[in-house]
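In: Pasting the sequence and the predicted coordinates here, then a few questions.
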Amino acid sequence: MLRDEGLKADAVILSTRANGMINPCYPLVENLNYVIVRLRMGGRDYFLDATDPHLGFGKIPLECYNGYARVVSEQPDSVILVPDSVREFRMTTVFLSASDARDGLTGTFTEMQSYFSSLDIRDSVRTRGEDAYFEDLRKAYPFDVQLSDKHIDSLKDYDQPVTVRYALTIPMAGDDRIYFNPMLSEARKENPFVAAVRHFPIEMPCRIDELYVLRMVIPKGYEVEELPKGVRVRLNDADGSYEYGFLSDGETIQFRSRLMLNRTYFLPEDYQSLRDFFALVVKEQGQVVVFRKKK
């Protein structure tokens, strides 16, 4: 179809991640299980997949990033599709202040999703509806919360990631102490690397970059009793990093968390450092700010 329009396009045959990797020296047809298109236009290469109508232009499934792939063309050619070329960026911003009734916190939550997470959200909304999706978000909070003014931007714009927005209200019972996790429902609760020992390489689907920023007004009648210490750590120098920190002026708290993973492939000897890195992330994201009632 693209060639009929005068464009330079070729089929690319490959093996998906679940199907195993291809040996470039022995391109056996039974080892290949997927076809995409390479479009050359404006001095650039674009890879296209016609099987999913909800993929944007130049997007292919993550499972296709599995190394060597062979171009079906008059001249022998190949491409290398590596997970390291895919960066999934997610940014979350939260603002909280005292509610009008001064019996809790109210504010706004805005999250620009990463591209492939957006595909999952689109699938969920398409099959179950927006109400069910937001109800799942509400249940993910570690405490009672009310959501209102709910929106999902760019649901039908498949070239863009979606942005989830809503207002939230967090009731408080007036206890002497309040234990508040600034990550709200976004904290990682489990280390994905549970085995004590691993004998095989670790292959992740993409690089990740998760930024979370919160600004909150300290609840009326309370003061900060305990603020977690900030952390800044690197994974093997340049393979990844994690930042976690607070600023407070006595009236407001500003919090920032950023998790970056710059590699997708790790050898077995790197496993322990990777496991320890994510254990630290889970530990830090589970910490709470303690507020106490002013005397």
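Out: On my side now, so go ahead.
In: Next, count neighbours for the nearest residue to Glu203 once chain neighbours are set aside.
Out: Sequence neighbours aside, Tyr265 is the residue nearest to Glu203 in space, at 5.7 Å (criterion: C-beta to C-beta, 6 or more residues apart in numbering). To be clear about C-beta, it is placed using only N, CA and C from the backbone, and glycine gets the same treatment. Tyr265 has 13 neighbours, counted by other C-beta atoms under 10 Å.
In: can you pull the contacts of Tyr265?
Out: By C-beta atoms under 8 Å, 6 or more residues apart in numbering, the contact set of Tyr265 is Pro83, Asp84, Pro201, Ile202, Glu203, Met204.
In: between those residues, which has the most around it?
Out: Neighbour tally across the contacts of Tyr265 (other C-beta under 10 Å): the maximum, 20 neighbours, falls on Pro83.
In: Now do the nearest residue to that one once chain neighbours are set aside, the pLDDT please.
Out: Leaving aside its sequence neighbours, Pro83 sits nearest to Thr264 (C-beta to C-beta, 6+ apart; 3.9 Å). At Thr264, the model reports a pLDDT of 95.
In: And for the one 10 residues further on?
Out: The predicted local confidence for Leu274 comes out at a pLDDT of 96.
In: How about the one 5 residues further on?
Out: Here, the pLDDT recorded for Ala279 equals 97.
In: cool, and Asp237?
Out: In this model, Asp237 is scored at 86, pLDDT.
In: where's it relative to Arg263, distance?
Out: 11 Å (C-beta to C-beta, to the nearest Å).
In: Would you check that Glu190 makes contact with Val282?
Out: Yes: between Glu190 and Val282 there is a contact at 6.6 Å, judged by C-beta atoms under 8 Å.
In: more neighbours, these two?
Out: Set Glu190 next to Val282 and count neighbours by other C-beta under 10 Å: Val282 wins out with 14 against 8.
In: Point me to the helix or strand that includes the more buried one.
Out: helix 271-285 (DSSP states H and E).
In: What residues sit buried inside that helix?
Out: Buried positions in helix 271-285, judged by neighbour count with 16 or more other C-beta atoms under 10 Å: Tyr271, Leu274, Arg275, Phe277, Phe278, Leu280, Val281, Glu284, Gln285.
In: Touching that helix from outside, list them.
Out: With contact meaning C-beta under 8 Å, 6+ apart, helix 271-285 is reached by 181, 183, 186-193, 197-198, 202, 228, 231, 233, 235-236, 240, 242, 244, 257, 259, 266.
In: just checking, which of those belong to strands?
Out: Members of the contacts of helix 271-285 lying in strands (criterion: DSSP state E): Ile202, Val231, Val233, Leu235, Gly240, Tyr242, Tyr244, Ser257, Leu259, Phe266.
In: quick one, what contacts Val162?
Out: Residues in contact with Val162 (C-beta under 8 Å, 6+ apart) are Met112, Gln113, Ser118, Ile121, Arg122, Ile152, Asp153, Ser154, Leu155.
In: Quick check: phi and psi on the residue nearest to it when sequence neighbours are not counted?
Out: Of all residues beyond its chain neighbours, the one nearest Val162 is Ser118 (4.3 Å), with distances taken as C-beta to C-beta, 6+ apart. The phi and psi values for Ser118, taken as degrees, to the nearest 10, are phi -60, psi -40.
In: Within its sheet, name the partner strands of the helix or strand following the helix holding Val282 and how each one runs.
Out: For helix 271-285, the following helix or strand on the C-terminal side (DSSP H and E) is strand 289-293. In the sheet, strand 289-293 lines up against strand 177-180 (antiparallel), strand 222-226 (antiparallel) (DSSP bridges).
In: so how far is the shortest one off the chain centroid?
Out: The chain centroid and the centroid of strand 177-180 are separated by 28 Å, computed with C-alpha atoms, centre = their mean, to the nearest Å.
In: likewise stretch 65-78?
Out: On C-alpha atoms, centre = their mean, the centre of stretch 65-78 falls 30 Å from the chain's centre.
In: try stretch 186-195
Out: With C-alpha atoms, centre = their mean, you get 14 Å for stretch 186-195.
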